[in-house]
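Chemist: curious how this folds, go ahead:
(chains A and B)
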Amino acid sequence: SQQGEEDPQALSIQEGENATMNCSYKTSINNLQWYRQNSGRGLVHLILIRSNEREKHSGRLRVTLDTSKKSSSLLITASRAADTASYFCATDAYNNDMRFGAGTRLTVKP
Amino acid sequence: EAQVTQNPRYLITVTGKKLTVTCSQNMNHEYMSWYRQDPGLGLRQIYYSMNVEVTDKGDVPEGYKVSRKEKRNFPLILESPSPNQTSLYFCASRGLGYTDTQYFGPGTRLTVL
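Modeler: Down below sits the predicted model:
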């Protein structure tokens, strides 16, 4: 069964605005990862946050993790049209098994 | 260049005709897996492998087989494809460290008529 669930399912914003996507999961994890997918193409790894970390930054990306609430958020600041894609969270459990959510479809309008 | 390759990238076939989708990685990764992606369902894991000759079922293994005879290769076999296996398939690999990220292949779009 799916582990991560992203929220919202779809998000539409204007260029320059910030985009926030959330992910909830069910079981204990080693780490949580965010991926990006352009339409019909392979997934590209964006950022990994370990279970003992609370916040991580990479360029315009900011990820938070709250293990007590079993949730994570991905913030993309100053969004660009090129950020238009689907974003997935994936949980990495202690058995090295990864589970993906259904994704958030982000549209950034120029 | 580190990569995961899949072949073919596109395939149209008919019900019942056995097919194999190949997957190969050049990063010496222990862990390899297959996912299928369907609209609104995200990625669902079909099978995964922790190492050579070690394979396990994922969430949706019915109708699929895999083998891991070599570390770099992890083919997906559909013995008797059916229309409900029409999907976009991704192969992925990674190491077994706690912070290892997963690398994905470019995807195989399969249509079963």
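
Chemist: hmm, A:Q37 is touching A:F100, no?
Modeler: No - under the criterion of Cβ atoms under 8 Å, A:Q37 lies out of contact with A:F100, with a separation of 10.2 Å. C-beta: built from backbone N, CA, C; applies to glycine.

Chemist: tell me the residues of chain B that contact chain A?
Modeler: With Cβ under 8 Å from any Cβ of the partner chain as the criterion, chain B meets chain A at residues B:31, B:33, B:35, B:40-45, B:48, B:50, B:58-59, B:88, B:90, B:92, B:96, B:98-99, B:101-107, B:109.

Chemist: give me the buried subset of those residues.
Modeler: B:31, B:33, B:35, B:42-45, B:48, B:50, B:58-59, B:88, B:90, B:92, B:101-105, B:107 (16 or more other Cβ atoms under 10 Å in any protein chain shown).

Chemist: how about the strands in chain B?
Modeler: Here chain B has its strands, by DSSP state E, at B:4-7, B:10-13, B:19-25, B:31-38, B:42-51, B:54-57, B:65-66, B:76-78, B:87-94, B:103-104, B:108-112.

Chemist: which one of the ones you listed lies closest to A:G42?
Modeler: strand B:103-104 (4.2 Å; Cβ to Cβ).

Chemist: same for that closest one, what does it pack against?
Modeler: Where contact means 3 or more Cβ pairs under 8 Å, 6 or more residues apart in numbering or on different chains; DSSP states H and E, strand B:103-104 is packed against strand A:43-50, strand B:87-94.

Chemist: list the contacts of the spatially most central residue of chain B.
Modeler: What sits nearest the mean C-alpha location of chain B, by Cα atoms, centre = their mean, is B:W34, with 2.9 Å. Contacts here follow Cβ atoms under 8 Å, 6 or more residues apart in numbering or on different chains; on that basis B:W34 touches B:23, B:45-48, B:58, B:64, B:66, B:74, B:76, B:89-92.

Chemist: can you check A:L11 too?
Modeler: Contact analysis of A:L11 by Cβ under 8 Å, 6+ apart lists A:A19, A:M21, A:T104, A:R105, A:L106, A:T107.

Chemist: how much space is there between it and B:F74?
Modeler: With distances defined as Cβ to Cβ, to the nearest Å, the gap from A:L11 to B:F74 amounts to 34 Å.

Chemist: check B:Y89 too.
Modeler: When distances are taken as Cβ to Cβ, B:Y89 and B:F74 turn out to be 12 Å apart.

Chemist: I appreciate the help and will end here.
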